[in-house]
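Chemist: Okay, sequence plus prediction incoming.
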Number of protein chains: 4
Amino acid sequence: MKIGIIGSTGYAGGELVRLLWNHKEVEVKWYGSKSYQNEKYGKIYKNMFQLVDDVCMDENIEELADKVDVIFTATPQGFLASRLNDRILSKAKVIDLSADFRLKDVKDYEHWYGMEHKAPSLLFEAVYGLCELNREKIREARLVANPGCYPTCSLLSLYPLIKEGMIDTSTLIIDAKSGASGAGRGAKLEQLFCEVNENIKAYGVASHRHTPEIEEQLSLWAKKKVVINFTPHLVPMNRGILITAYGMLKKEVSYEEVKEVYDSYYKGEKYVRVLEKEQCPETKWVEGSNYVDVNFKIDKRTKRIILMGAMDNLVKGAAGQAVQNMNLMLGLPENEGLDLVPVFP
Amino acid sequence: MKIGIIGSTGYAGGELVRLLWNHKEVEVKWYGSKSYQNEKYGKIYKNMFQLVDDVCMDENIEELADKVDVIFTATPQGFLASRLNDRILSKAKVIDLSADFRLKDVKDYEHWYGMEHKAPSLLFEAVYGLCELNREKIREARLVANPGCYPTCSLLSLYPLIKEGMIDTSTLIIDAKSGASGAGRGAKLEQLFCEVNENIKAYGVASHRHTPEIEEQLSLWAKKKVVINFTPHLVPMNRGILITAYGMLKKEVSYEEVKEVYDSYYKGEKYVRVLEKEQCPETKWVEGSNYVDVNFKIDKRTKRIILMGAMDNLVKGAAGQAVQNMNLMLGLPENEGLDLVPVFP
Amino acid sequence: MKIGIIGSTGYAGGELVRLLWNHKEVEVKWYGSKSYQNEKYGKIYKNMFQLVDDVCMDENIEELADKVDVIFTATPQGFLASRLNDRILSKAKVIDLSADFRLKDVKDYEHWYGMEHKAPSLLFEAVYGLCELNREKIREARLVANPGCYPTCSLLSLYPLIKEGMIDTSTLIIDAKSGASGAGRGAKLEQLFCEVNENIKAYGVASHRHTPEIEEQLSLWAKKKVVINFTPHLVPMNRGILITAYGMLKKEVSYEEVKEVYDSYYKGEKYVRVLEKEQCPETKWVEGSNYVDVNFKIDKRTKRIILMGAMDNLVKGAAGQAVQNMNLMLGLPENEGLDLVPVFP
Amino acid sequence: MKIGIIGSTGYAGGELVRLLWNHKEVEVKWYGSKSYQNEKYGKIYKNMFQLVDDVCMDENIEELADKVDVIFTATPQGFLASRLNDRILSKAKVIDLSADFRLKDVKDYEHWYGMEHKAPSLLFEAVYGLCELNREKIREARLVANPGCYPTCSLLSLYPLIKEGMIDTSTLIIDAKSGASGAGRGAKLEQLFCEVNENIKAYGVASHRHTPEIEEQLSLWAKKKVVINFTPHLVPMNRGILITAYGMLKKEVSYEEVKEVYDSYYKGEKYVRVLEKEQCPETKWVEGSNYVDVNFKIDKRTKRIILMGAMDNLVKGAAGQAVQNMNLMLGLPENEGLDLVPVFP
């Protein structure tokens, strides 16, 4: 199978290249890059020196669709929506790592992203690519919207309890922490080493674009409109997302009852690890891998449950989940290319 | 004025030494250290090489009280409570950086700290040394309990709104993030560079000892029992605490109304900086200084207010506030030795 | 094939476990650990949670030799020398990640390591496991001394030019820089996060134990006694070694001539990448992989050549090279389990 | 006294502002900034929020000279040389933190910096502002060239031994390591957090512009042309420079002899600390302060001496030394505003 990547020289694109290099059934044939066209890929990403000899290509998705079986787009918001059409989808499957096709509600998209959606008719065809939940739909899909990094970690941490109706969704708060690679590889002042290092801050408070994405999924599960607080923070590390979520329990439950719910929902799920009692997820224990580690703690004093999830934002939060989606779409073993053992330390 | 420090070779003790070195009215005469007795202080803390020529002393507080005017204790829980008595307090003022005298409620102490309190009769004499709130009592005190790092940052961020009754205290959640120096200088596996670096995790979930300390103060202000969720996280940086707090607003308020409350409460307070609109506090902007930077954001969608505070845990969260307390107790200008400009980057 | 690891819970041991998990021809059957005997491996190294279900065993190498085909020892100096014997070697192949069998000269060992060598008779059987140089001997070996981290990086960077006699070996200086994992997982004060972070220092100046190891190999190649300066530095990062070496060129040479020497020596060597002109090796570009990236720069002004090499100290500098040695000893493809793409960022 | 800073919003400029804020005899009246003109300084450098209320000005040095007594220029190469003239110098003293007036040899400047020098006639008036060596000339100067960061650390580490002729200068090699703030605050890809963090590399090998600056001073002291190797490395930390220098001793000397030379040269020098035997300088122990910590180790095996020096690149390597120069030029106590205790951890 032949693969094309548009946006292969961003951090998520680079991670796709790393993962696909060890994938046995596919081969990357097109390394698209707006910034580095005609330069050798292995000179931009020197980890790939001697591993990838290709030269970067342009971002012509029409041409690309003729040449490959699957297209990944790791591109700025609006790029794919302004170019995608049925002709392309009839020739190649598309997995979009941008936010263009994640929200079903066009108004939400236009409100939170501040731009018109250029392909609203494709929104209903697009499948939200959270593999553990939408596996069957993804197998049939031509167009998959790869979930955002924060939503992936948040949703997999919350899913069993929301689905079971154990939490009062009106009390949900997600306090999230991410490493710097989530901001991408653009040369911005606030991403300089000296500005990020030895520092922590919140950003996008009450306004981050991943909020409606999380809310849309939660609302589907809860079968009512869910509105939450979501606050991301920038942590001085390269990779990793940790979410800490808070919610009121609807009724008193024991550790064992909640554990059983988690275990039953994630039984057989290779990439979601429900930790043992009292173990708090740490991003270092999943770094470089496709795992999400989740756990919870019940606070009897406040009747709240604290949910925690840790994940590598570039793997399960981006490229890894994208490959998992690709495997499903192509009928390959879901874990092909993804047996990545977390790198510690 | 003469100063003695018991526990001068921990991180908080070391910071006290750094701050007092530039203090014009006092001089450290006793560098107490359990681990490094008889060793040169400047050899343990090489930043002080040639600045401090003294040799470390033992921790005999009875003897020390005869020799100095003020004693700082930066010692493990239980140390001071098991040694302090009226005789010592009649000879020297004591500022305790441990938790021994922070909680008025002995039962809370014994429950959360898991040890008997050996000097309960002194609890009512002890003044909780949050300078901005208890300034007058501190001036008269013989014994000041220097607040914990997380409580200092949390309480100063929350104070105006709790005092004004603007937040439903039953909904309060504090999600806190701290650098590694907060864990002290003990040689523990989980504090090794490779374990902390490139990692973030929650710890002490629903069980951290700073919880009752925060709750006791909040309850005083709210004039009713307040129970909260408090979740600390370990961030890969040396210094700094950031708190992000969430609460339901009791009624709709505008940015300007809340800003005015903050401004009026902290008018004239040198070490609390209420930031401008949309500025999120960052720990790097206060590093090495005695400032707490606070701000807030109203989320109209959820009717919650998000409060943020940033502080250097070793300065305002420990040694700096201790010096501020000392200045008050000795009738010195409150800012003597504390005109520290934050170090950036 | 069955594998036993003694010292599986140090950082090098943990990396062995990570690499062998994806190895198709072998399986780890014995996770030896002095500190964590009887504890679940996946609880010590939580990256392996659900991947390794085994419980840690003791360090009885006699018993182990009966059960496995290959034994890795990632143990303190002196451990293996005091236990190894012909009986063990007749039952299992041994790959030693400690320094016990690296030096042929017992006097050097006893001088630099400050301990008696308990198995000098095995020294001549032991093969120095620098795969690229000693491939054929390794294939036949029962006992391989896996090279030290600094020596691996230094020797592979220097080899072609020393072998060709292009450098005046009396002028050789190696200035090395390493991440903190090289110091192991012991709970030592000087390895605490706050002591290593935001800091750089030299250590072991003119006395580091890797000096005689480097010198012994260089002397073999140069066919005369070589004495060098070797200075390691501790860098605030988890993984990676960079060496910068300096030597006088014996005669004027061009970039192209030196490049040709490097290219001819390392032609076909998968794990040594000779970079392109003007590219300086960076540890980040090899992180998590078995590559050593090398390059050089000729300084016409001083007639010196500056050699640079970058490597992951836990992979090519420890566990990766050990697996490479194992593959050779077992007649497996040399790259089995080692097709690790460097992780960036 | 009134001060103007051109380039006040770079990292060195920001550090000048921090240091001068606590200086008792001077006041900054002009915060020049090309990028942030008309913006509030405390909004760019939020550490200065509420401490500096001024708005950034332009970079008109002619106008500035009428308004202040001392001008600091922390500007790109070529800026000052293209604007400075006798009229300006007759009105205000100038301390230049760029390289424009550091080299006496115009040809060297034009060769290494690749630009024409626009004010060669002022080169001979300019005093090289290495305070410990040129104190008397600095007192009389109108124009001081503040030394580069690497040269300051290198030269103070080497000075006594070169001056005493103890080292064969033809064998000198300086291997230097610096934190990221040395690269300035420009938004460049290679300075992004994810590119610098968890990484170390050499750069500017055999071509760094600080080479001729170091050589010119060494040549003066050695009374002959000295040519060296100088290799800087980028270390993942905000602040700090460490140099490790190597040279052949001309004759056998003891530790005590060399120590005595250092002690006698630096007796009474407040900002150079000669460490005790076997102590290796570490950047963390001088962070935030004006100290340079130096030490050495004799290697009898190779007859080389290894010299080490650690310094904060933004203080003694830039703004601190500039303030020290200003104090000398204005006849103030040399340490005014510079009694900064190193911040640890």
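Modeler: Thanks, I have it.
Chemist: Thought A:E164 was touching A:V258, still the case?
Modeler: No: here A:V258 does not reach A:E164: they are 9.1 Å apart, not a contact under Cβ atoms under 8 Å. For every residue, glycine as well, the C-beta is placed using N, CA and C.
Chemist: pLDDT score for A:T211?
Modeler: If you check A:T211, the pLDDT there is 98.
Chemist: ok, it to A:D105 distance?
Modeler: Distance check for A:T211 against A:D105: by Cβ to Cβ, to the nearest Å, it reads 13 Å.
Chemist: With neighbour numbers in mind, choose between the two.
Modeler: Between A:T211 and A:D105, counted using other Cβ atoms under 10 Å in any protein chain shown, the more crowded position is A:T211 (25 against 14).
Chemist: In terms of helices and strands, where is that one?
Modeler: In the assignment (DSSP states H and E), A:T211 maps to helix A:210-222.
Chemist: Quick check: buried residues in that helix?
Modeler: A:210-219, A:221-222 (16 or more other Cβ atoms under 10 Å in any protein chain shown).
Chemist: and what of stretch A:194-205?
Modeler: For stretch A:194-205, by 16+ other Cβ under 10 Å, it's A:194-202, A:204-205.
Chemist: Now the two most distant members of the residues you listed.
Modeler: Largest separation among those by Cβ to Cβ: A:C194 and A:V205, giving 23.4 Å.
Chemist: State the distance from the closest residue to A:K224 other than its chain neighbours to A:L158.
Modeler: With sequence-adjacent residues excluded and distances taken as Cβ to Cβ, 6 or more residues apart in numbering or on different chains, A:K224 is closest to A:T169, at 7.5 Å. Per Cβ to Cβ, A:T169 is found 9 Å from A:L158.
Chemist: rewinding a little: where strands are concerned, which of the buried residues of stretch A:194-205 count?
Modeler: A:201-202 (DSSP state E).
Chemist: Secondary structure class of the residue of the stretch 151-300 of chain A found nearest chain C, three-state.
Modeler: At 4.3 Å from chain C, A:W285 is the closest residue in the stretch 151-300 of chain A, using Cβ to the nearest Cβ. Following DSSP: H, G, I helix; E, B strand; the rest coil, we place A:W285 in the helix state.
Chemist: wait, isn't it in contact with A:V343?
Modeler: No: applying Cβ under 8 Å, one finds A:W285 not in contact with A:V343, separated by 9.9 Å.
Chemist: So for these two, which residues contact both of them?
Modeler: Both A:W285 and A:V343 are contacted by C:N47, under the criterion Cβ atoms under 8 Å, 6 or more residues apart in numbering or on different chains.
Chemist: Report how many residues lie close to A:K303.
Modeler: Burial of A:K303 is recorded as 17 neighbouring residues (other Cβ under 10 Å).
Chemist: Am I right that it is in contact with A:Y246?
Modeler: No: if you go by Cβ under 8 Å, A:K303 and A:Y246 don't touch, sitting 11.1 Å apart.
Chemist: Which of the helices or strands spans the residue in the stretch 201-345 of chain A positioned nearest to chain C?
Modeler: Relative to chain C, the nearest point of the stretch 201-345 of chain A is A:P342 (3.6 Å; Cβ to the nearest Cβ). Per DSSP H and E: A:P342 is located in neither a helix nor a strand.
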